[in-house]
Structure formats: structure tokens, C-alpha cells
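# Starting from these lines, generate the structure:
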Amino acid sequence: MKNIFLKPWFGLFLLVFIAPAYAGSCVINNDFWLEPRSGNLVLTNPDIAPCVHIFLNTPQSDLRIAYPDNDESAVDANELRQWLIALALPATRIHLQKQPGISTIQLDTLPISQHD
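Take a look at the predicted model:
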């Protein structure tokens, strides 16, 4: 019976104390793209979840999906955006941005005015 009550508190602990430590930037490991994906796997992926939690807990923020300057990364970034939208995240606050200087896709939680 105690386990039922501890789980919500543990989740709250993670959101309050652990998620802010990521400072709103998450690099997605390339291994993520090698396996089949589902909504649950996208949402619980340890590379993605911290930024999604920050994004959801900060109403005045946007989520930027930055990707390297190549076709495969553009397709992967768009797929990630579509998964996040399918999971009911607001499409108007999720933006794709090509960034030639990076080598992997990353998520950044930004104030609304800084997404461009």
C-alpha cells in the first residue's frame, strides 16, 4: 500500500530537483534512431524526458529541435517533432532549426521570444 503513495512523490521529486539541473538542453543519443519508436519510448527516453518536463512546466517556453545540416537529420528531427505533437504537446511551441555546427539532434527549452 505504501508504494502507491510513494510513486507520485518520487515523480514530483524528479521534476522539481532533477529536471532543472539539465538547464533546458538535451542531446539525443544516436542510438535512439536505431530502434523502433513508440509514443511511450519517446516520452520516457532519458535523453528527451528532461527537456519535455521543463517545457511542460514552463508555460512561457518553446521547444527547439536543433539538427545538423544533412537530410537524414532533418527527417529524424521532423519525426521527433511529429511524435511530440502526437503526444499532445502544442505544435505551435515546437520548432525545427537547422544548425550546421552540431553533430547530433538536440532539444532546447527556450523563452518564447528566442526560438528563431
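
# could you pull out the helices for this structure?
2-13, 39-44, 49-57, 71-86 (DSSP state H).

# can I get these in JSON lines with mean pLDDT and mean neighbour count?
In short, each C-beta sits where N, CA and C put it, glycine included. Formatted as JSON lines, these follow (pLDDT from 0 to 100; neighbours: other CB atoms under 10 Å):
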{"stretch": "helix 2-13", "mean pLDDT": "50", "mean neighbour count": "9"}
{"stretch": "helix 39-44", "mean pLDDT": "90", "mean neighbour count": "13"}
{"stretch": "helix 49-57", "mean pLDDT": "92", "mean neighbour count": "20"}
{"stretch": "helix 71-86", "mean pLDDT": "95", "mean neighbour count": "16"}
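
# Would you mind telling me which of the ones you listed is nearest residue 112?
Evaluated over the helices of the chain, closeness to residue 112 peaks at helix 49-57, with 11.2 Å, by CB to CB.

# hmm, back to that, any chance of the helices of the chain in a markdown table with distance to residue 92 as columns?
Shown next, in a markdown table, are the helices of the chain (distance: least, CB to CB, whole Å):
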| stretch | distance to residue 92 |
| --- | --- |
| helix 2-13 | 27 |
| helix 39-44 | 19 |
| helix 49-57 | 13 |
| helix 71-86 | 10 |
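
# which one of the ones you listed lies closest to residue 93?
helix 49-57 (7.6 Å).

# what sits opposite residue 66 in the beta ladder?
Bridge pairing for residue 66 (DSSP bridges) gives the partners residue 97, residue 106.

# Would you agree it is in contact with residue 110?
No - counting by CB atoms under 8 Å, residue 66 does not reach residue 110; the two are 10.4 Å apart.

# how near is residue 94 to residue 59?
Remark: distance between residue 94 and residue 59 (CB to CB, to the nearest Å) = 14 Å.

# quick one, which of those two is more surrounded?
More crowded of residue 94 and residue 59, by other CB atoms under 10 Å: residue 94, with 19 against 9.

# Number of residues surrounding the spatially closest residue to the more buried one that is not a sequence neighbour?
In space, and not counting its chain neighbours, residue 94 is closest to residue 63: 4.9 Å by CB to CB, 6 or more residues apart in numbering. As a burial measure, residue 63 scores 24 neighbours (other CB under 10 Å).
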